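Asker: test case, fold it:
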Amino acid sequence: MLYQLKARDVGGKITISLPGSKSETNRLLVIQALSAGKVDILNPSDARDSQVMHDLLLSEEKLLDAEDAGTVMRFLAAYFSLSPGEKILTGSARMKERPIGPLVEALRSIGAKIKYLGKEGYPPIQILGGNLYGGELYLDGKQSSQFASALILIAPYIPGGLTLHIAKDQVSKSYIDLTLGILKILGIEMQVSIDKIQILPGIYPEMKWTIEGDYSSASYWYEWLCFLPDDVEIKLRALKLDSYQPDKAVIEIFSRLGIATSFDEDSVTISKIPNFIMPEHTLHFDCRETPDLAQTIAVACAGMGIDVSITGLSTLRIKETDRIAALEKELRKLGLQPMSGENEIRIPKGIIKMPDEPIQTYGDHRMVMAFAPLVSKLGELSIFDPKQVRKSYPGFWDDAQNFCEIVSIK
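Answerer: Residues are numbered from 1 along each chain as shown. Next up is the predicted model:
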């Protein structure tokens, strides 16, 4: 499928109701299952990933398909290692290329019975659950913070609790902090130091939990505002000032790109900073803790003609696609000359042009949403595979109609 976009004339104040946080929802769904439904989730994410998580947690089938949802695969590997019975976790072709070895080894070290059914270190896996015991384990965190979060979520229900030693080079530690923050609110006792987390045995209490708006989804409207007239303001509902979400960093990041943020009781309003002076020097952003913002930052800076260097991108090579390679290829279509390494991308300052062919998105929802705002810079833009947004933000195109006309071509 192909979407042809045409920019609208935009002015005044526009309000967008953001979806619930996917990261928070997926953690709460596991917690809800462990609590036997005592934790009631309000305003859950309607993302496809969250629906897959919900459905698989309730499924009585032995074979479970996590599709292309990395969080679902990792969290359920831990959850079903704790739960009695046999489960086989599989996924899409791309999921079978995404590593799970460090998590499997950690679970095996505390009694899990897990067998690889394909390539060693990768899904699909067979789990014979219900045999975990407490203790200490060491985790290689170079590939994903989801390995640690998966273990932390089940830790209170492991006899004796769990002590987790975290490597100093752990990627996206902020997402581990999100998981710990949720457990603290739920009253789970823990001791946390720089390189060690001890979770004591406990149970998740009966309570209602309202999922806050998703800062990752908010980032696309921050980017879009960069290409709109100075009098436009965008109100984003359901965001919290005291959020645990790592991608709350979008506020500080886009302040460097000329976007101001103001909070009220249940939302934020973003607007252009008056008399903002475009940076002449190379901007540097370290996305080690916020990898899901990397594409948004890259395309925003490309469209604004800002020289930018983005580092801390090691996990982007093993996401839904190789996001660094995908960014580099599509930015070249726009007339730019990006340069990439294993963990970084540099985009020299340039003037973007209308691409000769539609933007390819490589089955990656964040590629779709990061490139769509360029329509307000270019006037028109075509994007392949636009429905990938269902993975994290199903209502994206409905909200995008505030800024562009959309024609669907099959």
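
Asker: for the nearest residue to residue 97 once chain neighbours are set aside, give me its contacts.
Answerer: In space, and not counting its chain neighbours, residue 97 is closest to residue 122: 6.7 Å by Cβ to Cβ, 6 or more residues apart in numbering. C-beta coordinates here come from the backbone N, C-alpha and C atoms, glycine included. Neighbour list for residue 122: 96-101, 116 [criterion: Cβ atoms under 8 Å, 6 or more residues apart in numbering].

Asker: recalculate using a threshold of 10 Å.
Answerer: 91, 95-101, 104, 116 (Cβ atoms under 10 Å, 6 or more residues apart in numbering).

Asker: export stretch 333-351 as PDB, just CAs?
Answerer: Provided in PDB are the C-alpha atoms of stretch 333-351 (Å, rounded to 0.1, in the frame of the first residue of the first chain):
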ATOM      1  CA  LYS A 333      16.700   9.900  -1.600                       C
ATOM      2  CA  LEU A 334      16.200  13.400  -0.200                       C
ATOM      3  CA  GLY A 335      19.500  14.600  -1.600                       C
ATOM      4  CA  LEU A 336      21.500  14.400   1.700                       C
ATOM      5  CA  GLN A 337      24.800  12.600   2.300                       C
ATOM      6  CA  PRO A 338      24.500  10.700   5.600                       C
ATOM      7  CA  MET A 339      27.400   8.700   6.900                       C
ATOM      8  CA  SER A 340      26.900   5.800   9.400                       C
ATOM      9  CA  GLY A 341      29.000   3.500  11.600                       C
ATOM     10  CA  GLU A 342      28.000   0.600  13.800                       C
ATOM     11  CA  ASN A 343      26.500   2.700  16.500                       C
ATOM     12  CA  GLU A 344      26.000   6.200  15.000                       C
ATOM     13  CA  ILE A 345      24.800   8.300  12.100                       C
ATOM     14  CA  ARG A 346      26.000  11.700  10.900                       C
ATOM     15  CA  ILE A 347      23.800  13.900   8.700                       C
ATOM     16  CA  PRO A 348      25.700  16.900   7.200                       C
ATOM     17  CA  LYS A 349      23.700  20.100   6.700                       C
ATOM     18  CA  GLY A 350      21.900  20.200   3.400                       C
ATOM     19  CA  ILE A 351      18.700  21.200   1.600                       C
END
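
Asker: these two touch, right, residue 269 and residue 251?
Answerer: No - counting by Cβ atoms under 10 Å, residue 269 stays clear of residue 251, with 11.8 Å between them.

Asker: joint contacts of the two?
Answerer: 260-261, 263.

Asker: now intersect those residues with the strands, please.
Answerer: Using DSSP state E, 260-261, 263 are the members of those that sit in strands.

Asker: buried members of those into PyMOL, please.
Answerer: A single PyMOL command selects the buried members of those (16 or more other Cβ atoms under 10 Å):
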select buried, resi 260+261
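
Asker: quick one: low-confidence ranges for the stretch 51-200 of the chain?
Answerer: Scanning the stretch 51-200 of the chain for pLDDT under 70 picks out the ranges 141-143, 170-171.

Asker: and the strands in it?
Answerer: 63-65, 85-90, 113-116, 125-129, 135-139, 162-166, 190-192, 196-199 (DSSP state E, counting those that start in this stretch).

Asker: give me the sheet partners of the third one and which way each runs.
Answerer: Using DSSP bridges, the strands paired with strand 113-116 are strand 125-129 (antiparallel).

Asker: on that earlier part again, more neighbours: residue 269 and residue 251, which one.
Answerer: Under the neighbour definition other Cβ atoms under 10 Å, residue 269 and residue 251 were set side by side, and residue 251 has more, 21 against 15.

Asker: tell me the bridge partners for the closest residue to that one other than its chain neighbours.
Answerer: Among residues not flanking residue 251 along the chain, residue 261 sits closest, at 4.7 Å (Cβ to Cβ, 6+ apart). Beta-bridge pairing for residue 261 (DSSP bridges): residue 270.
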